[in-house]
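1. coords please:
(one chain, ligands or ions: 2)
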Amino acid sequence: MVIYLHGDLGAGKTCLVRGVLNSLGYKGRVKSPTYTLLEPYLVANLNLRHFDLYRLQDKSEWDEAGFRDEFNGENILFIEWPEKALIPPADIEIYLDILTRGRTATLKSNTVIGRTCLNQL
Ligand SMILES: Nc1ncnc2c1ncn2[C@@H]1O[C@H](COP(=O)(O)OP(=O)(O)OP(=O)(O)O)[C@@H](O)[C@H]1O
Ligand SMILES: [Mg+2]
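-> Numbers count the residues shown, from 1 in each chain. Ligands and ions are numbered 1, 2, ... in the order given. Alright, predicted model coming up:
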């Protein structure tokens, strides 16, 4: 499951992943993968991966880190700044916007599995 998170700096992408992890029962600290690019989690028998590609330098950095292997059909991948790399397409895309008062989240599915997931919400 590949989930792209769209939204400006500070729109709440990391916060949303933190909320997902907490709701799955994760008790540890959820830090932004700003510098590490990837933070892995094992929670509720799920392998969840949180990427922030904002600081990705180039394709060789992506290749050398072995990130491609994370798209293994089993992991659940939340990806901030997906447009910074050439990566597999998303099952779900979440668009976060800051309004004058409050924020909005727009959820869009691109695949059958993505639609099945959103239908459960
Ligand atoms: N729904 C929300 N309502 C109010 N404040 C929020 C909400 N979501 C996030 N915030 C606050 O906005 C700030 C930035 O959030 P966050 O780090 O999640 O942004 P981000 O989209 O991941 O940014 P970046 O692109 O820099 O990683 C944090 O201080 C967070 O507490
Ligand atoms: Mg973030």
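2. Could you count how many residues lie near Leu53?
-> Counted with other C-beta atoms under 10 Å, the burial measure for Leu53 works out to 19 neighbours. (C-beta placed from N, C-alpha, C; glycine too.)
3. Then the one 3 residues further on?
-> With neighbours defined by other C-beta under 10 Å, the count for Leu56 comes to 16.
4. pretty sure it contacts Leu86?
-> No - with contact defined as C-beta atoms under 8 Å, Leu56 does not reach Leu86; the gap is 10.7 Å.
5. Am I right that Asn47 falls within a strand?
-> Yes - using DSSP: H, G, I helix; E, B strand; the rest coil, the secondary structure at Asn47 is a strand.
6. check contacts around it.
-> Residues counted as contacts of Asn47 (C-beta atoms under 8 Å, 6 or more residues apart in numbering) are Pro40, Tyr41, Glu74, Asn75, Ile76.
7. hmm, try it at 6 Å
-> Contacts of Asn47 were listed using C-beta atoms under 6 Å, 6 or more residues apart in numbering, and they are Asn75.
8. Count the residues that sit near the residue of the chain found nearest ligand 2.
-> Distances from the chain to ligand 2, computed as C-beta to the ion, single out Thr14 as the nearest residue at 3.3 Å. Summarising burial for Thr14: neighbours were counted as other C-beta under 10 Å, giving 20.
9. Repeat that for His6.
-> The burial count for His6: 19, using other C-beta under 10 Å.
10. ok, for it, nearest residue in space, not its chain neighbours?
-> Nearest-residue entry for His6: Tyr95, 4.7 Å, with adjacent residues in sequence omitted and distances by C-beta to C-beta, 6 or more residues apart in numbering.
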